[in-house]
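Q: I'll drop the sequence and a predicted model, then ask my questions.
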Amino acid sequence: MLQRGIAQLNDEKYAFAEALFREILAQDPKHADAHHQLGVTLARQSQFAAAEQCLRASLAERESGPCRRDLAWTLLWQGRDGEAIEAYRAAIGAGLREARLFNNLGNLLKKRNSLPQAEACYREAIATDASYALAYSNLAMLQQDAGQHEAAEANLKQALALTPNSPHLWQCYGGLLERMNRMDEADEAYRRGGRWEASQYVRRREAHWQQLGEIDAAALSMVSSGAADNLTPWCLLGIPALTPELHRDAGLRFAQSRWRGELAAPPLVARGAGLAAALARFESGERLRIGYLSADFYDHATLRLLAGVFELHDAKRFDVHLYSYGPDPDATARARFAHVPGTWHDVGALSDAQAAAQIAHDGIHLLVDLKGFTTGTRLGITALRPAPVIVSWLGYPGSLGHARLADYLISDAVVTPPGAAAQFSETLALMPHCYQPLDHRRQSAPRPSRAQAGLPEKGFVYCSFNQTFKLNAQISTLWARLLKATPASVLWLLEPGSARAKENLRQFFETQGVDAARVIFAPRVTQEAHLARLQLADLALDTLPVGSHTTGSDALWAGVPMVSAPGTLFAGRVGVSLLHAVGLDELVARDLDTYFQIALGFATDTAWRARVREKLAQARRSSPLFDTVAFTRDLERLYLAIVGREVHGQAGDRTPVVVQ
């Protein structure tokens, strides 16, 4: 019966296998092998808690390396990484040597930032089985993160030699080549592995727009079918046909594949736990504890937006904690943090589980994740639920897809209209004006001359300082029409950082009948120098389907109006929200044809242009967009409204939280 059950298990006929193993145990309740194989059968059906019980029953009867290994697997899937590590080590101690065992142990140690030990495990896996491709690729990813790119490439090539048809390995190799700025090779690697979502992103970064229609369609098909694991939602934003629903679902699948153990683990803090008492104490004069979690607390765009909010939090009412897992702040950032009435926590050296445990220990009432699915994210921390309510804000323009990662998404009624609430896994929490803050202490260097900035002495200056991946043939064709319709005008773009991208853009505009000399690239400079030179522009041009975010607020702060049109995604509506917040709805177009007419009218109607610029200058003194104090008070009221919803709201209420 045992052999028949194992045969059924190997054939994935789990119901038959389970029945046979249970029949054995009915006759012999201490049959160690039957307990073991029943545990494996239940684990294959994702019944991990029940599987664990069976495996522990087997071990109670007889010590076994394979049983310890399988116990580790069930613990891993329940998010109990520490226990899984001990089980794997016990299996090794019992004499079991398997490449998969060493590889899985290496993965767990890497999650805990035990990198030398993880590397030793991957190398042991290779020594145990030189044909185990996954260990080569995992070792390569470790080396890539350490900047050892040549060694990483060698190991990835070895993995691909062993498993040449693995989409996952081609994705890893493409990612390494992309990091090494070998974009053509990265694109080829992604296409060889059928990773169309990565291929289109690399091409957009290089302004390589040929064949994007077919590649985009293949990428969206992968999203809708769920055909690819680890499909990063951020890289999909440039696809024109991407819908909010598809983007949300891509986030869900990415979270499930990346943080499956953490999402399966029992929450450290139950949703809403202790908030009623905290709110009552707050009303009696005690502070509410707010935590901010990010890797970007250094000289970064997110910090430049948030520094003012951090400084202006009401320290008498809110106890602010900053949890950083990114680079150390530079001198400028450290100087700003000296003014923040809060507590700094460096959790970069901690594992996700350790960082989450610290947040839970600190008793944070409301945790704000500022990263989402952007580069360097550690959403494994929030997946473990270290606070009674978790909020997503600012870093990622969209839904995280999985309800456990965030309960609320801070936005505004323009970027996320209340009627679109069903497109998000989070409950919308709407700021009264724009969801994006500006720093009240930002400064500009002295304004340069046009010649110093590389601009002609005369002529209208259109500008767009967005990243190259936000540009596309459709919007660039429209810009070419504007240049041809306004003689002596120029288009001022940000230096792409890639000679190939720069040449592609120049060639594109030449094919549209625009002299390449009229497309001017601005070098990357400090924020103060950028804000100074930006004042030389006449009109900022928004992009679609991904629009201007900090680039838009920078332009408006510098006194440069912007023309925009609403996209279908959160990421394509930020420019419209910024313009609405400064009272310049006249520069919001209903479609791209109207966008062209508004931009052309602004360039040719000097009287209207003067009126708009004066209106913007007045908004700089009075608009909510530039009032960081008022923004911070609104944000604090929104936090209290969220906590109040958790305490007094009805279960399942997804009505947006609004403060007026």
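A: Great, that's in hand. This structure is a prediction, so every number in the text was calculated from the model and none was measured. Numbers count the residues shown, from 1 in each chain.

Q: Which pLDDT value belongs to Asp653?
A: At Asp653, the predicted lDDT confidence score is 87.

Q: And it, how far from Gln660?
A: Look at Asp653 and Gln660: by Cβ to Cβ, to the nearest Å, they are 19 Å apart. C-betas here are computed from N, CA, C, even on glycine.

Q: When the two are compared, which one has more neighbours?
A: Between Asp653 and Gln660, Asp653 has the larger neighbour count (other Cβ atoms under 10 Å), namely 9 against 6.

Q: Assumed that one was part of a helix.
A: No: Asp653 is assigned coil when assessed by DSSP: H, G, I helix; E, B strand; the rest coil, not a helix.

Q: wait, doesn't it sit right on Gly644?
A: No: counting by Cβ atoms under 8 Å, no contact exists between Asp653 and Gly644, whose distance comes to 11.8 Å.

Q: Can you verify my assumption that Arg317 contacts Ser284?
A: No: counting by Cβ under 8 Å, Arg317 does not reach Ser284; the two are 11.9 Å apart.

Q: neighbour count winner among the two?
A: More crowded of Arg317 and Ser284, by other Cβ under 10 Å: Arg317, with 14 against 7.

Q: Who are the contact partners of that one?
A: For Arg317, the residues meeting the contact criterion (Cβ atoms under 8 Å, 6 or more residues apart in numbering) are 282, 287-288, 636.

Q: ok, so of the residues you listed, who is nearest Tyr462?
A: Of all the contacts of Arg317, the one with the least separation from Tyr462 (Cβ to Cβ) is Glu636, at 38.9 Å.

Q: The helix or strand harbouring the closest one packs against which elements?
A: Using DSSP states H and E, Glu636 sits in helix 628-648. Secondary structure elements in contact with helix 628-648, counted by 3 or more Cβ pairs under 8 Å, 6 or more residues apart in numbering; DSSP states H and E, are helix 275-283, strand 288-294, helix 301-312, strand 366-369, strand 389-392, strand 408-412, strand 427-431, strand 657-658.

Q: Throw those into JSON lines and include mean pLDDT and mean neighbour count, thanks.
A: Compiled in JSON lines, the helices and strands packed on helix 628-648 are given as follows (pLDDT from 0 to 100; neighbours: other Cβ atoms under 10 Å):
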{"stretch": "helix 275-283", "mean pLDDT": "97", "mean neighbour count": "16"}
{"stretch": "strand 288-294", "mean pLDDT": "98", "mean neighbour count": "24"}
{"stretch": "helix 301-312", "mean pLDDT": "86", "mean neighbour count": "21"}
{"stretch": "strand 366-369", "mean pLDDT": "98", "mean neighbour count": "26"}
{"stretch": "strand 389-392", "mean pLDDT": "98", "mean neighbour count": "26"}
{"stretch": "strand 408-412", "mean pLDDT": "98", "mean neighbour count": "25"}
{"stretch": "strand 427-431", "mean pLDDT": "98", "mean neighbour count": "24"}
{"stretch": "strand 657-658", "mean pLDDT": "96", "mean neighbour count": "17"}
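
Q: Show me the one of these that comes nearest Trp209.
A: It is, among the helices and strands packed on helix 628-648 and with distance given as Cβ to Cβ, helix 301-312, at 25.9 Å.

Q: Using CSV, write out the CA atom coordinates for the closest one.
A: Listed in CSV are the C-alpha atoms of helix 301-312, where the atom choice follows Å, rounded to 0.1, in the frame of the first residue of the first chain:
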residue,chain,number,x,y,z
ALA,A,301,13.4,62.6,-5.3
THR,A,302,11.2,61.0,-2.6
LEU,A,303,13.1,62.7,0.2
ARG,A,304,13.0,66.1,-1.7
LEU,A,305,9.2,65.7,-1.6
LEU,A,306,8.8,64.5,1.9
ALA,A,307,11.5,66.4,3.9
GLY,A,308,9.1,69.3,4.6
VAL,A,309,6.3,67.0,5.7
PHE,A,310,8.6,65.2,8.1
GLU,A,311,9.8,68.4,9.6
LEU,A,312,6.4,69.9,9.9
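
Q: And that helix, what does it pack against?
A: For helix 301-312, the packing partners by 3+ Cβ pairs under 8 Å, 6+ apart come out as strand 288-294, helix 331-337, helix 550-557, helix 628-648.

Q: per-stretch mean pLDDT over these, give me the minimum one.
A: The stretch with the lowest mean pLDDT among the helices and strands packed on helix 301-312 is helix 331-337, at a mean of 82.

Q: Strand 288-294 and the helix or strand following that one, what's the angle between them?
A: Sequence-wise, the next helix or strand beyond helix 331-337 is strand 342-346, with elements assigned using DSSP H and E. Orientation of strand 342-346 against strand 288-294 (axes from the mean of the first three to the mean of the last three Cα atoms, to 10 degrees) gives an angle of 40 degrees.

Q: Report the distance from the helix holding Glu636 to the chain centre.
A: Taking the mean C-alpha point of helix 628-648 and that of its whole chain, the gap between them comes to 24 Å (Cα atoms, centre = their mean, to the nearest Å).

Q: ok, residues contacting that helix?
A: Residues lying outside helix 628-648 but in contact with it, judged by Cβ under 8 Å, 6+ apart, are 271-272, 275-276, 278-279, 282, 288, 290, 308-309, 312-314, 317-318, 365-366, 388-389, 391, 407-408, 410, 427, 429-433, 437-440, 624, 653, 657-659.

Q: how does it look with 6 Å?
A: 272, 275-276, 279, 308-309, 312, 366, 389, 408, 429, 431-432, 437, 440, 624, 657, 659 (Cβ atoms under 6 Å, 6 or more residues apart in numbering).

Q: cool, and stretch 561-574?
A: Applying Cβ under 6 Å, 6+ apart, the external contacts of stretch 561-574 come out as 237, 244, 397-398, 414-416, 539-540, 542, 544-547, 549, 552, 555, 575-576, 579, 587-589, 595, 598-599, 612, 616.

Q: Same check on stretch 341-356?
A: Contact with stretch 341-356 is made by 111-113, 268, 315, 320-325, 378, 380-381, 384, 386, as judged by Cβ under 6 Å, 6+ apart.

Q: just checking, Ile290 touches His321?
A: No: Ile290 is beyond contact range of His321, at 7.1 Å (criterion: Cβ atoms under 6 Å).

Q: Quick check, central residue of this protein?
A: The C-alpha lying nearest the average C-alpha coordinate of the chain belongs to Phe373 (Cα atoms, centre = their mean; 1.4 Å).

Q: can you tell me which residues contact that residue?
A: Counted by Cβ under 6 Å, 6+ apart, Phe373 has contacts 233-234, 396.

Q: What of Tyr462?
A: Contacts here follow Cβ under 6 Å, 6+ apart; on that basis Tyr462 touches 491, 539, 541.

Q: So it belongs to a strand, correct?
A: Yes: judged by three-state DSSP, Tyr462 forms part of a strand.

Q: got the buried residues for stretch 198-216?
A: For stretch 198-216, burial by neighbour count (16 or more other Cβ atoms under 10 Å) applies to 198-209, 212, 215-216.

Q: swap in stretch 562-578?
A: In stretch 562-578, the ones that count as buried by 16+ other Cβ under 10 Å are 562-578.

Q: same deal with stretch 632-640?
A: Counting neighbours by 16+ other Cβ under 10 Å, stretch 632-640 gives 632, 634-636, 638-640 as buried.

Q: okay if I get those as TSV plus distance to Met222?
A: Output for these, formatted as TSV (distance: Cβ to Cβ, whole Å):
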residue	distance to Met222
Thr632	41
Asp634	40
Leu635	37
Glu636	42
Leu638	36
Tyr639	38
Leu640	42
